[in-house]
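# Sequence and predicted structure are below.
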Amino acid sequence: MSESIKCLIVGSGPAGYTAAIYAARANLAPVVYEGIEPGGQLTTTTEIENFPGYPEGISGTAMMEDLKKQAERFGTQVRFGVVTKLDLSARPFAVEIDGGTTALRAETVIIATGASAKYLGLPSEQKFRGMGVSACATCDGFFYRKKDVAVIGGGDTACEEATYLASLCRQVYLVVRKNYLRASKAMQERVFTTPNIEVIFEHNMREVLGDENGVTGMLLESTAGAERRVAVDGIFLAIGHHPNTELVAGQLELDEQGYIITHQGQTNVAGVFAAGDVQDPRYRQAITAAGSGCMAALECERFLAEHTL
């Protein structure tokens, strides 16, 4: 007979752990499966300074450990493993862990699998992640005050990040592979009227340059094949995010970008909730992820009070 769980939380990070804290305090005996990246994307962030309660800042890894310990303090079971199959056709929901090595059933499920930033796939890009290469200007831009940085991308997100960084940095290079910006006219106007933003059209980044201390520049290649080296202290990827919804594709209602559609944390399937970046295409911040984790857990508690099996 497979194990029965009252509240299963798929994924960790600020959304999953916060949901676990609230669910545990409500005596829902939550079980968290952390997934392939325990703690989520924040574990790749060197320093977090915009999360309330940490006046001196804190590393992403340390913060996730704090949230995990807090969840465990109230009785959450945090397990290492990956939910590889989830059947949401009927409650209790059938769940397989690590390709079927473990099977269980869950009365309710909170999806907190997050979203993954898209990268170019360069070895040097991966080498300097957290050492000058970032996918979140709001998270890391503060560390580049009065320095030179680059933003890779040509859409609304790239333009938003470029203008945000321009308020902090000395010089911002916006590297666009096409000869035009895909962003809205309003965002384009903001970019073109910001004096310390230089748009480099028809170029691709071929290599991140750096040393043991981090990023020192980037090697660009034009569509005509000419190379150009640009000295920068930080490189921000803004070519989009991919919501980690493969597990529930075809079962939950998704928007056109693939994010789970929720209403106060509830999905279109009764008893299934979602929190964090997996349902947030707009903000993608640790604090908003934590807040949505709280909402999902509270809605889960109310649901179970009305729909006990």
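Great, that's in hand. Quick caveat: nothing in here was measured; it's all calculated off a predicted structure. Numbers count the residues shown, from 1 in each chain.

# Please work out which residues outside stretch 84-96 touch it.
2, 4-5, 8, 10, 83, 97-100, 102-109, 247-248, 251-252, 269-272, 307, 309 (Cβ atoms under 8 Å, 6 or more residues apart in numbering). Backbone N, C-alpha and C define where each C-beta goes, glycine included.

# Filter those residues down to the buried ones, ChimeraX style.
Typed into ChimeraX, the line below selects the buried ones among those, using 16 or more other Cβ atoms under 10 Å:
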select :5,8,10,83,97,102,104,105,106,107,108,109,247,248,251,252,269,271,272
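
# out of the contacts of stretch 84-96, which are inside strands?
In this view, those that belong to strands under DSSP state E are 4-5, 8, 10, 83, 97, 102-109, 272.

# Any idea which of these the model trusts least?
When the ones in strands among the contacts of stretch 84-96 are compared by pLDDT, residue 102 scores lowest at 83.

# quick one, strands of the stretch 1-150 of the chain?
Assigned by DSSP state E, counting those that start in this stretch, the strands in the stretch 1-150 of the chain fall at 3-10, 31-33, 77-79, 83-87, 93-97, 102-111, 115-117, 133-134, 148-152.

# Can you check which of the ones you listed gets nearest to residue 169?
Closest of those to residue 169 is strand 148-152, at 5.1 Å (criterion: Cβ to Cβ).

# could you say what helices and strands the closest one packs with?
The criterion is 3 or more Cβ pairs under 8 Å, 6 or more residues apart in numbering; DSSP states H and E, and the helices and strands that strand 148-152 contacts are helix 156-166, strand 171-175, strand 234-237.

# Give me the nearest residue to residue 24, chain neighbours excluded.
Using Cβ to Cβ, 6 or more residues apart in numbering and skipping the chain neighbours, the partner closest in space to residue 24 is residue 74 (3.6 Å).

# make that residue 188, sorry
Residue 188 sits nearest to residue 181 (Cβ to Cβ, 6+ apart), 5.0 Å away.

# Show the contacting residues for the one you found.
154, 155, 159, 187, 188, 191, 199.

# Let me see the backbone angles for it.
phi -90, psi 140 (degrees, to the nearest 10).

# Same check on residue 271?
Taking degrees, to the nearest 10 as the convention, residue 271 sits at phi 90, psi 0.

# sorry, back to before: residue contacts, the residue nearest to residue 24?
Counting by Cβ under 8 Å, 6+ apart, residue 74 has contacts 21, 24, 25.

# and these as TSV, adding distance to residue 141 and pLDDT?
Output for the contacts of residue 74, formatted as TSV (distance: Cβ to Cβ, whole Å; pLDDT from 0 to 100):
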residue	distance to residue 141	pLDDT
21	29	98
24	35	98
25	35	97
